[in-house]
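Visitor: kindly generate the corresponding structure for this input.
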Amino acid sequence: MNTGSCIGISTMKPYCRVLLISYKRSSVFGFSPEKFNDVITNNLSKFHGRRSRCCKSQIVGYIPVIDSNRRAFSVSNSNLDQSRAFGTSCRVNQSKGGGGRRGRGVLVIPYVASDFRNHSTSVETHVNEQNFERIYIQGGLNVKPLVIERIETGHDVVKEEESTVEFNRSSVNIDNLTGLNEKKVERKVSEIEEEAWSLLRNAVVSYCGNPVGTVAANDPSDNQPLNYDQVFIRDFVPSALAFLLNGEGEIVKNFLLHTLQLQSWEKTVDCYSPGQGLMPASFKVRTVPLDGSNEAYEDVLDPDFGESAIGRVAPVDSGLWWIILLRAYGKITGDYALQERVDVQTGIRLVLNLCLTDGFDMFPSLLVTDGSCMIDRRMGIHGHPLEIQALFYSALRCSREMLIVNDGTKNLVAAINNRLSALSFHIREYYWVDIQKINEIYRYKTEEYSTDAINKFNIYPDQIPSWLVDWIPDKGGYLIGNLQPAHMDFRFFTLGNIWAIVSSLGSPQQNDGILSLIEDKWEDLVGQMPLKICYPALENDEWRIITGSDPKNTPWSYHNGGSWPTLLWQFTLACIKMGRPELAQKAVALAEKRLSVDQWPEYYDTRSGRFIGKQSRHFQTWTIAGFLTSKMLLENPAKASLLFWEEDYELLETCVCALSKTGRKKCSRVAARSHQILI
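Guide: Coordinates of the predicted model:
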């Protein structure tokens with residue numbers, strides 16, 4: 001057996017100083033990818049655990065990241081059949097007196113999808129099969145990474161210091177501007193902001209001695225936390241932005257890398273597996289005895305892909321939010337090296353391939369099931385809900401910015417551009433309603449069979465609800481909640497409309513119209529606590545049929561017309577983008593009067609948002625973080641500009657249908673361009 005050694009040296013300061021690499025065969029990168037994939041596939045059935053942890057298994061692969069100036073060598077080892085994937089570990093020795101010692105945390109990202117070329121062949125060809133970026137180790141559990149603090153090079157010794165972030169629970173950390181190359185600025189905070197910062201820091205979860213996220217809610221009086229004591233990907237986004245805007249990037253970086261480590265790799269409900277690249281809805285840090293010892297403990301990450309959720313629905317939005325947050329981290333901190341890492345690049349590609357895989361659906365929008373996003377219970381949003389389409393569009397735009405274009409990604413980038421073009425046209429043309437469009441639908445002819453049909457989805461005019469006829473204002477409009485054959489969901493969904501503004505999924509004129517409608521219907525959509533998650537609520541027989549008589553989603557409660565303060569930060573971002581910050585200031589002022597007094601609840605009930613939600617958790621973290629992020633965005637609009645997208649006029653000139661060689665008539669772009677406000 002021939003062996004060599006491998007040392008990876010980075011110009012960054014990663015957690016892992018040095019990693020030893022083991023490979024089966026000798027080739028350009030130390031092994032044969034074909035043999036490697038076969039071994040990984042054959043060993044998948046042996047994985048019974050689901051936690052990311054450490055054990056005494058051998059490390060068999062490492063895909064380094066960090067910098068083009070890195071040097072890497074390889075080690076071969078014939079024991080590949082005992083392969084395990086990477087994980088993170090933290091061991092703690094505890095004495096009888098209860099004292100503990102913090103173990104050294106190691107951040108090593110496992111690779112998910114051993115045979116990348118067998119997925120989403122519609123968007124990627126088999127160019128450069130030996131490409132190092134394609135090697136992705138499937139797994140994510142039972143790993144004991146090796147850390148070496150000192151690297152000997154001749155007579156010199158190189159040693160790196162471990163960097164940690166300190167969380168001051170009593171004040172806002174303005175001095176620690178990790179990764180920001182700008183002058184430190186101190187700002188005064190109000191009493192309620194100081195309270196919010198203290199609560200946010202108390203919600204921080206640590207893994208291996210390092211912060212990795214915030215729990216969903218941290219109510220000390222709650223005896224049944226359910227899954228509110230876990231770190232949710234979607235919930236952590238406002239917390240992450242609050243920390244980033246305050247100059248604290250370490251927790252966000254840790255979160256991004258650890259959630260990447262948890263991308264799907266195992267069976268869930270009834271022996272079916274989630275698509276490769278799926279991010280979990282949440283994860284929990286658990287401390288378990290090490291190797292049966294009563295004195296030594298280790299932290300493990302326990303992810304939930306929906307197998308424990310109500311309804312057992314996998315989260316579609318988690319991976320989209322992860323990509324959006326990854327871009328935000330780079331924009332605010334200036335640390336673009338993170339998104340250039342090979343493991344991170346591969347994680348982006350896995351999420352995209354999961355979303356871009358060809359199926360039976362003919363629309364450019366994503367087809368998803370009910371309960372797969374922020375509205376995670378049955379609410380009649382199955383199909384093509386606006387919220388998912390807006391997040392999908394944002395994630396595509398983020399990915400186009402962050403992906404490194406090479407032979408392995410050029411086809412994926414082309415697919416992204418085509419999908420962006422088709423999706424923007426589809427949403428702008430078919431989801432948009434205003435008084436003119438509703439009047440057009442009111443006069444629709446049905447049963448049209450041709451490529452030139454006006455009523456393309458066979459919408460029956462009787463679907464127009466009676467409430468909408470008098471509710472729609474003369475000025476402004478909005479994007480409907482869903483579109484399927486013979487079905488338009490005319491409800492106003494706040495997150496989807498706001499995020500359409502932020503991402504420029506809507507045209508400039510449509511974006512302005514959405515804010516005009518919110519301003520005109522302020523009492524309905526904002527009331528006494530911003531903002532309604534959707535309007536109007538389902539009531540009576542409609543509530544019983546569509547929600548299944550859900551006792552938590554009763555009319556004007558929870559997802560069914562409840563008011564969610566966490567939507568403040570997204571509303572603020574949209575208002576700043578459209579040059580109307582006064583609307584956001586008005587909404588934030590409403591929330592500021594009540595949130596602290598009401599103990600930062602998750603949501604509010606009743607048509608006007610007067611009552612605290614009947615099952616609302618107190619000290620809800622994303623309520624706290626949403627408020628803080630809104631305040632900081634209003635105080636620093638320049639930072640806000642880093643988080644939204646302007647109109648991309650090149651997309652309007654590209655049509656996927658133009659690439660077709662069939663005799664079908666090309667779809668018209670005239671309607672889409674007519675919505676533009678040319679500057």
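
Visitor: what's the following helix or strand after the helix or strand harbouring V502?
Guide: Here V502, judged by DSSP states H and E, is contained in helix 494-503. Reading on from helix 494-503 to the C-terminus, the next helix or strand found by DSSP H and E is helix 508-520.

Visitor: one step back: check the average confidence over the helix holding V502, would you?
Guide: The average pLDDT within helix 494-503 is 98.

Visitor: equivalent analysis for stretch 191-208, please.
Guide: When pLDDT is averaged over stretch 191-208, the result is 97.

Visitor: buried stuff in that stretch?
Guide: 192-193, 196-208 (16 or more other CB atoms under 10 Å). The way it works is simple: take the backbone N, C-alpha and C, and place the C-beta from them, glycine included.

Visitor: ditto for stretch 346-359
Guide: T346, G347, I348, R349, L350, V351, L352, N353, L354, C355, L356.

Visitor: for those residues, which one is nearest W556?
Guide: Nearest to W556 among those is C355, at 33.4 Å by CB to CB.

Visitor: lowest-pLDDT helix or strand in this structure?
Guide: Scoring the helices and strands of the chain by mean pLDDT, DSSP states H and E places strand 150-153 at the bottom, with a mean of 36.

Visitor: distance of A453 relative to L260?
Guide: When distance is defined by CB to CB, to the nearest Å, A453 is 45 Å away from L260.

Visitor: these two: which is more packed in?
Guide: Legend: neighbour count by other CB atoms under 10 Å for A453 and L260, higher for L260 (24 against 13).

Visitor: and that one, what pLDDT?
Guide: Note on L260: pLDDT of 95.

Visitor: in what helix or strand does it lie?
Guide: Counting by DSSP H and E, the element that carries L260 is helix 250-261.

Visitor: ok, and for the helix or strand following that helix, which residues are buried?
Guide: Using DSSP H and E, the helix or strand that follows helix 250-261 towards the C-terminus is strand 282-289. Using 16+ other CB under 10 Å as the burial criterion, the residues of strand 282-289 that qualify are S282, F283, K284, V285.

Visitor: contacts only, for the closest residue in space to G506 that isn't next to it in sequence.
Guide: Once flanking residues are discounted, G506 sits nearest to A500: 4.4 Å by CB to CB, 6 or more residues apart in numbering. Contacts here follow CB atoms under 8 Å, 6 or more residues apart in numbering; on that basis A500 touches L386, A390, Y393, I427, L479, G506, Q510, N511, I514.

Visitor: may I see those residues organised as TSV, with distance to S630 and neighbour count added?
Guide: Output for the contacts of A500, formatted as TSV (distance: CB to CB, whole Å; neighbours: other CB atoms under 10 Å):
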residue	distance to S630	neighbour count
L386	22	28
A390	19	26
Y393	23	26
I427	26	27
L479	23	26
G506	21	28
Q510	23	25
N511	19	25
I514	18	23
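
Visitor: now, the most widely separated pair of the residues you listed?
Guide: The largest separation in these, counting by CB to CB, is between Y393 and I514 at 15.0 Å.

Visitor: what's the closest of the contacts of A500 to P461?
Guide: Using CB to CB, L479 is the member of these that lies nearest P461, at 19.8 Å.

Visitor: S273 versus the nearest residue to that closest one once chain neighbours are set aside, what's the distance?
Guide: Leaving aside its sequence neighbours, L479 sits nearest to Y431 (CB to CB, 6+ apart; 4.4 Å). Remark: distance between Y431 and S273 (CB to CB) = 32 Å.

Visitor: kindly report the same for D452.
Guide: For D452 relative to S273 (CB to CB), the value is 43 Å.

Visitor: neighbour count for those two, which is higher?
Guide: Neighbours around D452 and S273, counted as other CB under 10 Å, are more numerous at S273. The numbers are 14 against 7.

Visitor: for the more buried one, give me the pLDDT.
Guide: pLDDT recorded at S273 is 73.

Visitor: ok, it touching G306?
Guide: No - in this structure S273 lies outside contact range of G306 using CB atoms under 8 Å: 11.9 Å.

Visitor: backbone phi and psi for the residue lying closest to K577 once chain neighbours are set aside, please?
Guide: Nearest residue to K577 in three dimensions, chain neighbours excluded: F644, at 4.6 Å (CB to CB, 6+ apart). With angles defined as degrees, to the nearest 10, F644 sits at phi -120, psi 170.

Visitor: rewinding a little: looking at the contacts of A500, spot the one nearest D302.
Guide: Nearest to D302, judged by CB to CB, of the contacts of A500 is A390 at 30.3 Å.

Visitor: measure the nearest residue to the closest one once chain neighbours are set aside to I624 for me?
Guide: Among residues not flanking A390 along the chain, W499 sits closest, at 3.9 Å (CB to CB, 6+ apart). W499 is 21 Å from I624, where distance means CB to CB.

Visitor: which residues of the protein score low on pLDDT?
Guide: Residue ranges of the chain with pLDDT under 70: 1-187, 265-269, 654-679.

Visitor: repeat the analysis, applying 80 as the threshold.
Guide: Within the chain, the stretches with pLDDT under 80 are 1-188, 264-275, 291-294, 652-679.

Visitor: wait, what's in contact with the nearest residue to P238 once chain neighbours are set aside?
Guide: Nearest non-adjacent residue to P238, counting by CB to CB, 6+ apart: A625, 3.9 Å away. Counting by CB under 8 Å, 6+ apart, A625 touches L200, T214, P238, S239, L241, A242, T566, W569.

Visitor: and after the helix or strand hosting A625, which helix or strand comes next?
Guide: Using DSSP H and E, the element containing A625 is helix 621-635. Once helix 621-635 ends, the next helix or strand along the chain (criterion: DSSP H and E) is helix 637-640.

Visitor: give me the contact list for that following helix.
Guide: The contact list for helix 637-640 (CB under 8 Å, 6+ apart) reads L245, I332, T572, L573, I576, K577, P581, M632, L633.

Visitor: now do 6 Å
Guide: Residues outside helix 637-640 that contact it (CB atoms under 6 Å, 6 or more residues apart in numbering): L245, L573, I576, L633.

Visitor: sort out for me which of these are in helices.
Guide: Taking DSSP state H as the definition of helices, these contribute L245, L573, I576, L633.

Visitor: can you tell me the number of residues neighbouring the last one?
Guide: L633 sits with 26 neighbouring residues when counted by other CB under 10 Å.

Visitor: same question, the second one
Guide: With neighbours defined by other CB under 10 Å, the count for L573 comes to 24.

Visitor: could I get the full set of strands for the chain?
Guide: With DSSP state E as the criterion, the chain has strands at 91-93, 150-153, 156-159, 204-207, 210-214, 231-232, 282-289, 296-304, 432-434, 477-484, 487-493, 534-535, 604-605, 611-612.

Visitor: tell me which of these sits nearest to Q528.
Guide: Across these, Q528 has its closest neighbour in strand 604-605 (7.9 Å, CB to CB).
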